Each structure stands twice: as structure tokens, then as C-alpha cells.
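Participant: structure of the sequence below:
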Amino acid sequence: MSLFDAFKKKKQEPGLSGGGSMAGKYYDLFPKCQLFKPKYEYPLWDQNWDLYGRTRSSKRQMLKNGSQRKVTRHIFLVRHGQYREDLQHDEQRVLTHKGREQAKKTGEWLAEIIRKNNISTSTCKVKLLSCSTMKRAKQTANIIYNEIDAMYDKHNGQSFDDDESKKGTSEGEKWVPIRREEPDPMLMEGIPCHFLPTMGQKSTPERVDQITQDFPRMEGAFRKYIGRSDWLEEINESNAFVNMDTDKAPKNCPIHREHEYQIIVSHANMIRFLVCRALQIPPEAWLRLSLFNGSVTYLVIHAGGEVTLRLFGEIGHMGYDLVSSDLYEGFNWDSFEFYQSALVKQKVQEKEKEEEKKRKMMTMN
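Facilitator: Okay, here's the model as predicted:
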């Protein structure tokens, strides 16, 4: 038996360790029961991490024409735009003007990516946009969707009989617009697990309770959106193929490659957690990563189960003047004093707008 096989025999389902308060503390930092435990010991890789009880070696997805279906998944995780962080209630915490501009730039960029991929390949089966139920994420998703939808309208509104060179190509036919899902509370912000290093912060009963509440939901979001869930298979026309036992499938059958595209508009902690889980690195590392508003993180899940992080927090499409991390402008986000001054500045600007609005109303009367 190989060393790898010996390790694999110790497998368990990934998740928090459990055991309650009797499990004690993890290096006196936080309850050991809230330490994340992977299925296999780090740094071993679980090849079937996204199949939940199934294995790649035992099953093949066979198309009706006798080809074996192999899918590469492209997942774009978008952080919402800058928002009114100084307000308390979620419905009040709307995007700022800068946040709306960030979302528009990100939407334009994603629309261009989809357009170019539609031209270069006709094997894209899922174009799906999901978002959190929080106000700032819904607003960001709406702006992004409008930009992508405008691209589809422009393409589908043209005459396809005028250009002979495009006939018989993907560019010479109408495209199926992106599918918009209802906002999902599973994608809301939260605290997925404890973080290391602790940044000098001690674990509090409040944080322990918050993790107890948030982890199951955020892990559920990972399994639904990043793993190959039944929900995702149903959306992807699962009746087009059958799962066949490998020993019963045809030998040396042709390979049919497909690509699926997902856009998920969510929040910094959620995206950092999803990335750590997808890369099978300790989720407790999530706070070592940082994301700008409106940024794009790009994961590729290969047919064999391997995962590649191609972009993390990409903001190059925006230009410097639109860069922010919450209320920190540009790259000056490491200063608490700067953050406080940004809050004061935002409140002054809002007050000036209200006064200007009142003056206009008085003039009209």
C-alpha cells in the first residue's frame, strides 16, 4: 500500500471538527471544534471534491451520440461595488456613485469576455448570473446584468443574412442570453471560520456564535455553486447525457469538450472562503486575502477535478480613479485614519447633496 493510499484511508467529510466545548482549544486561540478539517490531510488533493459521494473513475458522462462529455467550468466571483458602509440597515447601504461606476466597468468587461467566448466556441452550455440577497450585491448584479444583456441585444438584433463570412459560425447565429437567478441568501456575507494569524484579536463568544451560524450556510453555498450540485446539473440540461458506469461505457470513445460559465456576485468574506475551499487550502487563511470593490476573481475547474485560480481580485479594467476597498480610496486602504476621514467626507458630501436638493425644491416653489 502506498503512503498516499494509507492517508486516503483516513478520509472524512470536510467540515468543522466538532466535539463541542469538550474538544478544548486549538493552541489556545479558538475552540478546537471550530477548526476546519479537510477530507484528506493537507496538502493531499481530493480529486472527487465536487461530486459528493461519486467518483470520476467510476462514472462517465455519455452523450447520446456516444461521445464522452468533459466539462471545464469557468467561475467569475465578483465583489460588490463600494457602498454606504456608514449606514446601519441593509436596505440603506446602497452603492455609492463610485460603486455604480465600478459595477458598470466590471459588467462591460465581463460582457466582452462572454462575447469573445461566444465567437470562439459554440460549446458554452451555462451562462448563469447569481447574487446575494444583500442590497449592495443585488444592485451590483443588476448593473452587470444590464451590461451583458445589452451586449446580447446588440448581437441578436443584427441581420444574420448580410455577412456571408459569418454563416455557419457561432458569430453568425443568435445567442441564448444569460440566465438570471433569483438572489440567494446563501451567498450573503458572514464569518466562515476563524482566521490565522489572529491579527491580535482574541476569539470572543460572539464570534464563536457567529461562525456556528454562518459556516453551515457558507459551506452550503460552496457545495451548491462551486461543487457540481444537483441544482447546477439540472440547469445544465442534464437530460442531454447519462451517467454511465465506467466498466459499461464504450472504450476509446471520442471526447466532447464543453465549457460552462458562471458569474456570482457576492461579498469579500464569502469569496475568500470559496477560493480557499476550492483550492483545498485551510479556510482559516481567508483573512490573508484582500479584495477591492467590483473586483473579479476567476476560478477554472477542469474536467479531472483540478482547480486553477487564474485571477484574484482583478481591477485592471477599472482604472486607478475607481479603485477602492470599502471607503478606502485607491491603494491607501491600510490606514484607519484614512478610513475615518473617508467616512466624514462621505457624510459631508451627502449633506451637501441634500441641501442642494432642498434649494432646488425651494426655487421651484
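Participant: remind me, longest helix of the protein?
Facilitator: helix 336-364 (DSSP state H).
Participant: lowest-confidence helix or strand of this structure?
Facilitator: helix 3-8 (a mean of 41; mean pLDDT, DSSP states H and E).
Participant: for the helix or strand following that helix, packing partners?
Facilitator: Later in the chain than helix 3-8, the nearest helix or strand by DSSP states H and E is strand 15-16. Using 3 or more Cβ pairs under 8 Å, 6 or more residues apart in numbering; DSSP states H and E as the contact test, the elements touching strand 15-16 are strand 36-37. Heads up, the C-betas are built off the backbone N, CA and C, glycines and all.
Participant: avg pLDDT for the strand it packs on?
Facilitator: Averaged over strand 36-37, pLDDT sits at 94.
Participant: what of stretch 222-234?
Facilitator: The model assigns stretch 222-234 a mean pLDDT of 84.
Participant: okay, now the domains of the protein?
Facilitator: Segmentation of the chain into domains, based on automatic domain parsing, reads 1-44, 47-334.
Participant: for those, which one ends up most surrounded?
Facilitator: domain 47-334 (a mean of 17; mean count of other Cβ atoms under 10 Å).
Participant: got a list of what residue 261 touches?
Facilitator: When contacts are counted by Cβ atoms under 8 Å, 6 or more residues apart in numbering, residue 261 touches 74, 76, 114, 117, 124, 126-128.
Participant: just give me the least confident of those residues.
Facilitator: Out of the contacts of residue 261, that is residue 124, at 67.
Participant: returning to what we had before: quickly, which of the domains of the chain bottoms out on average pLDDT?
Facilitator: When I compare the domains of the chain, domain 1-44 is least confident, with a mean of 75.
Participant: what's near enough to touch residue 113?
Facilitator: Contacts of residue 113 by Cβ under 8 Å, 6+ apart are residue 76.
Participant: which strands and helices sit next to the helix or strand encompassing residue 206?
Facilitator: According to DSSP H and E, residue 206 maps onto helix 205-221. Secondary-structure packing of helix 205-221 (3+ Cβ pairs under 8 Å, 6+ apart): helix 268-278.
Participant: which elements pack onto the helix it packs on?
Facilitator: strand 68-79, helix 205-221, strand 296-301, strand 307-314.
Participant: just the CA trace of that helix, in PDB.
Facilitator: Extracted C-alpha coordinates of helix 268-278, given in PDB (Å, rounded to 0.1, in the frame of the first residue of the first chain):
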ATOM      1  CA  ALA A 268     -15.400  39.700   0.300                       C
ATOM      2  CA  ASN A 269     -15.500  37.100   3.100                       C
ATOM      3  CA  MET A 270     -17.700  34.700   1.000                       C
ATOM      4  CA  ILE A 271     -15.400  34.900  -2.000                       C
ATOM      5  CA  ARG A 272     -12.200  34.400   0.100                       C
ATOM      6  CA  PHE A 273     -13.800  31.400   1.700                       C
ATOM      7  CA  LEU A 274     -14.900  29.900  -1.600                       C
ATOM      8  CA  VAL A 275     -11.400  30.300  -3.100                       C
ATOM      9  CA  CYS A 276      -9.700  28.700  -0.100                       C
ATOM     10  CA  ARG A 277     -12.200  25.700  -0.200                       C
ATOM     11  CA  ALA A 278     -11.900  25.400  -4.000                       C
END
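Participant: what comes into contact with it?
Facilitator: 14, 77, 79, 132, 187-193, 218-219, 221-222, 225-226, 266, 282-283, 285-287, 289-291, 297, 299, 301, 307, 309, 312.
Participant: residue 53 is nearest to which of the helices and strands packed on helix 268-278?
Facilitator: helix 205-221 (16.0 Å; Cβ to Cβ).
Participant: restricting to C-alpha, output the helix or strand that the closest one is followed by in CSV.
Facilitator: Sequence order places helix 230-235 as the next helix or strand after helix 205-221, per DSSP H and E. The C-alpha coordinates for helix 230-235 follow below in CSV (Å, rounded to 0.1, in the frame of the first residue of the first chain):
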residue,chain,number,x,y,z
ASP,A,230,-27.8,18.5,-8.5
TRP,A,231,-29.2,22.1,-8.9
LEU,A,232,-26.4,23.0,-11.2
GLU,A,233,-26.7,19.8,-13.2
GLU,A,234,-30.5,20.4,-13.7
ILE,A,235,-29.8,23.9,-15.0
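Participant: which SSE is immediately downstream of helix 230-235?
Facilitator: strand 241-245.
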